[in-house]
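Enquirer: What follows is a predicted protein model with its sequence.
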Amino acid sequence: MKTNWLLTIALCAALTTGAFAQDNAAVRAERKEKTREDVKRVGDKVETGVADGAHAVGTAGRATGKAVAKGAKATGRAVKKGAKATGRAVSTEAKKVEKKIES
C-alpha cells in the first residue's frame, strides 16, 4: 500500500511538473510573439519617422535654397547698383578733370 501511495505521489508530481513546464513554454512563446510584435511596431514607427524626417529635411532644404537665391539676387542687385554708381562717379570726375584741363 505504501508503494502505491508513493507511486501515486510520484505520478502526481510528474504531471504537475509537466503542466508547469507547458505553462512556462506557452508563456515563453507568448512573450516571444509579443516581443516580435513590439519590435515590428517600433520598426514601423522608426521607418515612418525617418520618412517624415526626410520630408522635413527636403522641405527645409527647399526653403533654405529659396532664401539663399533671394539673398544672392539682392546681393547681385546691390553690387550692380554700386558698380554703376562707382562708374558714374569716375566718369563724372574724369569729365570734371577734362574740363579743367581744357579751360
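Expert: Ah, there it is. Residues are numbered from 1 along each chain as shown.
Enquirer: where along the protein do the helices fall?
Expert: 2-102 (DSSP state H).
Enquirer: where does the residue most central in space within the chain sit relative to Arg31, distance-wise?
Expert: Geometric centre of the chain, nearest residue: Gly53, 3.8 Å, by Cα atoms, centre = their mean. To Arg31, Gly53 is 32 Å away according to Cβ to Cβ, to the nearest Å. Placement of C-beta: from N, CA and C, glycine included.
Enquirer: ok, now Val57?
Expert: Distance from Val57 to Arg31, by Cβ to Cβ: 38 Å.
Enquirer: Let me know the distance separating the residue nearest to the centre of the chain from Val46.
Expert: Counting by Cβ to Cβ - Gly53 and Val46 are separated by 10 Å.
Enquirer: low pLDDT regions in the protein?
Expert: Counting by pLDDT under 70, the chain contains low-confidence residues at 1, 19-25.
Enquirer: For burial, what's the neighbour tally of Leu7?
Expert: Here the number of neighbours of Leu7 (other Cβ atoms under 10 Å) works out to 10.
Enquirer: please renumber so the chain begins at 46
Expert: All right, first residue 46 from here; so that's Leu52.
Enquirer: and it, what does it touch?
Expert: Going by Cβ atoms under 8 Å, 6 or more residues apart in numbering, Leu52 touches no other residue.
Enquirer: Next one: it relative to Ala59, how far apart?
Expert: In terms of Cβ to Cβ, Leu52 sits 10 Å off from Ala59.
Enquirer: same check, this time on Gly98
Expert: As for Gly98, its distance to Ala59 is 57 Å (criterion: Cβ to Cβ).
Enquirer: Repeat that for Lys140.
Expert: 119 Å.
Enquirer: With Lys79 instead?
Expert: Applying Cβ to Cβ to Lys79 and Ala59 gives a distance of 30 Å.
Enquirer: Run through the residues that contact Lys140.
Expert: Under the criterion of Cβ under 8 Å, 6+ apart, Lys140 has no neighbours.
Enquirer: so how far is Thr131 from it?
Expert: According to Cβ to Cβ, Lys140 stands 15 Å off from Thr131.
Enquirer: what do you get for Asp83?
Expert: From Asp83 to Thr131 the distance is 69 Å (Cβ to Cβ).
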